[in-house]
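>>> Turn this into a structure:
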Amino acid sequence: MTPPAVAQHELLEVAPAAFRRFRAMLGVAVLLAFPVALAADRHVATFFQSVKIGGDLRRELEFVQQFGAVASCLIVAAAIALLDPARRRVLPRAAFAILATAAAAWALKVLVGRPRPRLDEPYLFLGPWSEHTFAKGDQTVTMHAWEFWRGPSDLWSMPSSHTAAACALAVVIARLYPRLTPLMIVLACIVGVARVVLGAHYPSDVVIGGALGATIASLMPLSSRPLPTAR
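Predicted structure coming up:
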């Protein structure tokens, strides 16, 4: 029989082996998906550049892709604080996991230096040392990817920070409320698809972003003490 103290643990505390398996499966999935996505990047980007999505569908995608952004995180935190006082104490660690994901995504963006799909150079990775010249409106811009103070984010395609943040928030919520796991998976996938469909990222950017967010959020210990079983 399971001891009462263990029965009260959340999913992370009850089954750390499950999260180790999750990270292992995630690593295998990324290793398999990344080369496929990279090979398909140009074709997928070209297709969605030719198919213009507008109207209500575009507005809905633009709305859902903000899952994981600041406003959605604040709404989730407020809901937990108001409806589930027992889990209020995990909010600072959950916030740290999402902030760490954002910082890691930004660092990778400026180090990788990949042009966005609108520049039509899917296999160019500048690294931190190379400059790139591209047109921005009626001007020509030459810059390193890490020179964020000089202009646009056109060299920040990999990884997708929206997808990273969405996956981080999805993993945090799924760990606190395991029954919401299917919904979290669907929302995170919609965010990744939206970033590709709307022309902001290549599929491989989404794969790396999703893996980054899910990994960081799964590694973060949300609580050092047992939590009551989520209902």
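>>> When you work out contacts or count neighbours from here on, use the C-alpha atoms and nothing else.
Noted.
>>> The residue nearest the centre of the chain sits in which helix or strand?
In the chain, the residue lying closest to the centroid (C-alpha atoms, centre = their mean) is A164, at 1.3 Å. Secondary structure from DSSP states H and E places A164 in helix 161-176.
>>> elements contacting that helix?
Counting contacts by 3 or more C-alpha pairs under 8 Å, 6 or more residues apart in numbering; DSSP states H and E, helix 161-176 is packed against helix 11-14, helix 91-112, helix 181-197, helix 203-219.
>>> quick one, what contacts A100?
The contact partners of A100, taken as C-alpha atoms under 8 Å, 6 or more residues apart in numbering, are I216.
>>> Could you check how far it is from L212?
Distance from A100 to L212, counting by C-alpha to C-alpha, to the nearest Å: 10 Å.
>>> Check the closest residue to M220 other than its chain neighbours and give its pLDDT.
Once flanking residues are discounted, M220 sits nearest to A97: 6.2 Å by C-alpha to C-alpha, 6 or more residues apart in numbering. With respect to pLDDT, A97 has a value of 93.
>>> Could you report the neighbour count for A97?
The number of residues packed near A97 is 26, by other C-alpha atoms under 10 Å.
>>> How much space separates it from D56?
33 Å.
>>> Quick check: the closest residue to M143 other than its chain neighbours vs Q139, distance?
Spatially, and ignoring its direct neighbours in sequence, M143 is nearest to E131 (5.0 Å; C-alpha to C-alpha, 6+ apart). Distance of E131 to Q139, given as C-alpha to C-alpha: 16 Å.
>>> Counting neighbours, go ahead and name the busier of these two.
Between E131 and Q139, counted using other C-alpha under 10 Å, E131 has the larger neighbour count: 16 against 7.
>>> on that earlier part again, using CSV, lay out the helices and strands packed on helix 161-176 together with distance to S157.
As requested, those are exported to CSV (distance: least, C-alpha to C-alpha, whole Å):
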stretch, distance to S157
helix 11-14, 32
helix 91-112, 7
helix 181-197, 10
helix 203-219, 6
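>>> Could you identify which of these is most buried?
helix 203-219 (a mean of 24; mean count of other C-alpha atoms under 10 Å).
>>> Which elements pack onto it?
helix 16-50, helix 91-112, helix 161-176, helix 181-197.
>>> What residues sit buried inside the following helix or strand past the second one?
Which is helix 91-112. Scanning forward in sequence from helix 91-112 by DSSP H and E, the next helix or strand is strand 132-136. Buried residues in strand 132-136, counting neighbours by 16 or more other C-alpha atoms under 10 Å, are absent.
>>> any idea of the angle the following helix or strand past strand 132-136 forms with strand 132-136?
Once the chain leaves strand 132-136, the next helix or strand it forms, by DSSP H and E, is strand 139-143. Strand 139-143 and strand 132-136 are oriented at 150 degrees to each other (axes from the mean of the first three to the mean of the last three C-alpha atoms, to 10 degrees).
>>> Tell me the gap between strand 139-143 and the middle of its chain.
Between the centre of strand 139-143 and the centre of its host chain there is 29 Å, according to C-alpha atoms, centre = their mean, to the nearest Å.
>>> That's all I had, so thanks and see you.
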